[in-house]
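Student: Sequence and predicted structure, then a few things I'm wondering about:
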Amino acid sequence: MSQGFDYDLVIIGAGVGGHGAALHAVSCGLKTAIIEAADMGGTCVNRGCIPSKALLAASGRVRELRDAHHLKSLGIQVGNVDFDRQAIANHADNLVSKIQGDLTNSLKRLKVDIIRGWGKLAGSQKVSVTTEDGEKTITAKDIILSPGSIPFVPPGIEVDGKTVFTSDQGVKLESLPDWIAIIGSGYIGLEFSDIYSALGSEITMIEALDQLMPGFDRDIAKLAERVLIIPRDIETKVGIYAKKVIPGSPVVIELADFKTKEDVDVIEVDACLVATGRIPATQNLGLESVGVELDRRNFIPVNDSMAVLSAGEVVPHLWAIGDANGKMMLAHAASAQGIIAVDNICGKHREVDYRSIPAAAFTHPEISYVGMTETAAKDLGKESGFEVGTARTYFKGNSKALAEGEADGIAKVVYRQDTGEVLGVHIFGMHASDLIHEASAAIANRQSVQTLAHLVHAHPTLSEVLDEAYKRAVS
């Protein structure tokens, strides 16, 4: 126990990152407390990954069972398929309660003190907590900030939580509008378009940038658009932004050209989901008490060890992880950062390898990627003086995908031509979120396509799409 402090470590925020850090801290022998003002489990467990995956699982089954053409090709006929919206919503809700309970119990079991209230810095190695019973100050040798993020709502958009809402309310599935506008075509917009279209809603997808799915590799985005958008009841407006959104029945949306800002149309829909990304929840954390300024996007500046920086210098005993530092806004990245922060607190110097952290969108079929897009790799190649190679393989040539009748898909490997080192892998297709981890391990170990091409994969499995891509890269 650190001399003269209440705790060795205090963590502000009990999301996935804070939880992972607390568990690791206990295993390293640190007396630990975690402070949470809202729901244990943070965004991921309550309003993000977990409930959305439950909705995607249920709505995906509905889509599958209603796809008479696909089932007929397998020799199956199914009668009328019905669903109960409230029961699907309850499935998501029950899962949230279970995981929230498991997370809280795991902390209690390891004797982590859970303090309910608003935690903020009150100077070096000090935290003040505002609870229902008033305010108290606790001291800690080290402090980790893990406050997470909130949905970003662009100016001009009014959210009422019922007819115009963010993903926070969307995961509750309180209604199934006949016609819903989804603003944004990133992974949140894509996943919700998958849910709503499977359950019978018509969708208008509005994307301000000049192409759909702007964050994804272009080859992946093109095929994903052909499979996830064009055949479904989804119209798209690209290069157009929602200048004004007024809640009500109907919701009125004023649309304008993103480049010229000229008005182009007014549409009236039953509901509108705002899926325009997330921003850090970094207000009212007391950072000024230790002389830390947020960056221009309101993220907490950190180095690769997760130490907080002030004017480029390390602030002793203060760390920040997860969405609030803006390095990679993913739940599993927050967990990894939490573990690395604790290792550094315990004197083991470690840094995060962001290139090997995978990401996925759980559409049907799924999209996943790890490492760099082809464009980013080519930019690095220009700087560092190497050429970039790519190899593509298609699920249409994969025996397992054909057996499942799920042959829409592509795997793309981006690599250095001189050393063969894998720089990025992008997959669109059935079980893409599971397949990506082989590529993630390859990138973490900086392996080359030459080495990977000699690995043996079980046949017939979907993993052979990567096997084939590695072999194509060296042929």
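Tutor: Cool, the structure landed. Please read these numbers as outputs of a predicted model, since none were measured by experiment.
Student: How are the helices of the stretch 101-250 of the chain distributed by residue range?
Tutor: Along the stretch 101-250 of the chain, counting by DSSP state H, counting those that start in this stretch, helices occupy 167-170, 187-198, 218-224.
Student: so what secondary structure elements neighbour the longest one?
Tutor: Put plainly, it is helix 187-198. Counting contacts by 3 or more CB pairs under 8 Å, 6 or more residues apart in numbering; DSSP states H and E, helix 187-198 is packed against helix 49-66, helix 167-170, strand 179-183, strand 202-207, strand 359-361. (C-beta placed from N, C-alpha, C; glycine too.)
Student: Return the most buried member of the ones you listed.
Tutor: Mean neighbour count, computed with mean count of other CB atoms under 10 Å, is highest for strand 179-183 among those, reaching a mean of 24.
Student: List the neighbouring strands of that strand plus their orientation.
Tutor: Here the strand partners of strand 179-183, with direction, are listed using DSSP bridges: strand 202-207 (parallel), strand 271-274 (parallel).
Student: could the helices and strands packed on helix 187-198 be laid out in CSV, adding mean pLDDT and distance to Gly18?
Tutor: Below are the helices and strands packed on helix 187-198 laid out as CSV (pLDDT from 0 to 100; distance: least, CB to CB, whole Å):
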stretch, mean pLDDT, distance to Gly18
helix 49-66, 96, 15
helix 167-170, 96, 19
strand 179-183, 98, 30
strand 202-207, 98, 33
strand 359-361, 97, 21
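Student: quick one, which of those is nearest to Met430?
Tutor: With respect to Met430, and counting by CB to CB, the nearest of the helices and strands packed on helix 187-198 is helix 49-66 at 11.2 Å.
Student: Low-confidence stretches in this structure?
Tutor: When the per-residue scores of the chain are filtered using pLDDT under 70, the ranges that remain are 1-2.
Student: Output the longest strand belonging to it.
Tutor: Identified as the longest strand of the chain according to DSSP state E is strand 134-145.
Student: how about Gln125, what does it touch?
Tutor: The contact partners of Gln125, taken as CB atoms under 8 Å, 6 or more residues apart in numbering, are 5, 139-143, 317.
Student: So which of these wins on neighbours?
Tutor: Ile143 (27 neighbours; other CB atoms under 10 Å).
Student: For it, list each beta-bridge partner.
Tutor: Val10, Leu318.
Student: State the distance from it to Thr131.
Tutor: Relative to Thr131, Ile143 is positioned 18 Å away (CB to CB, to the nearest Å).
Student: can you pull the contacts of the nearest residue to Ile12 once chain neighbours are set aside?
Tutor: Distances taken as CB to CB, 6 or more residues apart in numbering put Gly119 closest to Ile12, at 4.1 Å, once the chain neighbours are dropped. With contacts defined as CB under 8 Å, 6+ apart, the neighbours of Gly119 are 10, 12-13, 35, 37, 127-129.
Student: closest to Ala57 among these?
Tutor: Within those, the smallest distance to Ala57 is 27.6 Å, found for Gly13 (CB to CB).
Student: For burial, what's the neighbour tally of the spatially closest residue to the closest one that is not a sequence neighbour?
Tutor: On the basis of CB to CB, 6+ apart, the spatially nearest residue to Gly13 that is not a chain neighbour turns out to be Ser146, at 3.6 Å. Here the neighbour count serves as a burial measure; for Ser146 (other CB under 10 Å) it reads 31.
Student: contacting residues for Ser146?
Tutor: Applying CB under 8 Å, 6+ apart, we find Ser146 in contact with 11-15, 17-18, 21, 320-322, 324, 334, 338.
Student: Next, Tyr394: phi, psi?
Tutor: Torsion angles at Tyr394 (phi, psi; degrees, to the nearest 10) stand at phi -120, psi 140.
Student: burial count for it?
Tutor: Here the count is done by other CB under 10 Å, and Tyr394 has 17 residues near it.
Student: For the nearest residue to it once chain neighbours are set aside, list the residues it contacts.
Tutor: Here the nearest residue to Tyr394 in space, its sequence neighbours aside, is Ile410; by CB to CB, 6+ apart that works out to 5.5 Å. With contacts defined as CB under 8 Å, 6+ apart, Ile410 is in contact with 219-220, 223, 392-395, 426-429.
Student: separation between the residue lying closest to Met213 once chain neighbours are set aside and Thr32?
Tutor: Excluding its sequence neighbours, the residue lying closest to Met213 (CB to CB, 6+ apart) is Ala221, at 4.0 Å. Summarising the geometry, the distance separating Ala221 from Thr32, computed by CB to CB, is 43 Å.
Student: What's the ChimeraX syntax to select whichever of the contacts of Ile410 are buried?
Tutor: In ChimeraX syntax, the buried subset of the contacts of Ile410 is picked out as below (16 or more other CB atoms under 10 Å):
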select :219,220,223,393,394,395,426,427,428,429
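Student: ok, back up a step: right, and the strands paired with strand 179-183 - which one's nearest Ser356?
Tutor: strand 202-207 (29.2 Å).
Student: For that closest one, output the C-alpha coordinates as CSV.
Tutor: Taking C-alpha atoms only, strand 202-207 is exported to CSV below (Å, rounded to 0.1, in the frame of the first residue of the first chain):
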residue,chain,number,x,y,z
GLU,A,202,-37.8,2.0,-44.9
ILE,A,203,-34.6,4.0,-44.6
THR,A,204,-33.1,7.2,-46.0
MET,A,205,-29.3,7.3,-45.3
ILE,A,206,-27.8,10.7,-45.3
GLU,A,207,-24.0,11.0,-45.7
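Student: And the helices of the stretch 101-250 of the chain: which comes nearest Ala181?
Tutor: Among those, helix 187-198 sits nearest to Ala181 (CB to CB), with 10.4 Å.
Student: picking that back up, farthest-separated two in the contacts of Gly119?
Tutor: Between all members of the contacts of Gly119, the longest pairwise span (CB to CB) is found for Gly13 and Ser128 and amounts to 15.0 Å.
Student: Neighbour count for the two, which is higher?
Tutor: Gly13 (30 against 18).
Student: For the strand or helix carrying Leu309, enumerate the helices and strands it packs against.
Tutor: Using DSSP states H and E, the secondary-structure element containing Leu309 is strand 307-310. The elements that strand 307-310 packs onto, with contact taken as 3+ CB pairs under 8 Å, 6+ apart, are strand 313-320.
Student: Kindly recompute the last result at 10 Å.
Tutor: When contacts are defined as 3 or more CB pairs under 10 Å, 6 or more residues apart in numbering; DSSP states H and E, strand 307-310 sits against strand 134-145, strand 313-320, helix 331-345.
Student: then the first one to CSV, C-alphas only?
Tutor: Output in CSV follows, covering the C-alpha atoms of strand 134-145 (Å, rounded to 0.1, in the frame of the first residue of the first chain):
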residue,chain,number,x,y,z
GLY,A,134,-22.3,15.4,-0.3
GLU,A,135,-18.7,15.7,-1.4
LYS,A,136,-15.6,13.9,-0.2
THR,A,137,-12.0,13.9,-1.2
ILE,A,138,-9.8,10.8,-1.6
THR,A,139,-6.1,10.5,-2.3
ALA,A,140,-4.3,8.1,-4.6
LYS,A,141,-0.8,7.5,-5.6
ASP,A,142,-2.0,7.2,-9.2
ILE,A,143,-5.2,8.2,-11.0
ILE,A,144,-6.6,6.9,-14.3
LEU,A,145,-9.2,9.0,-16.1
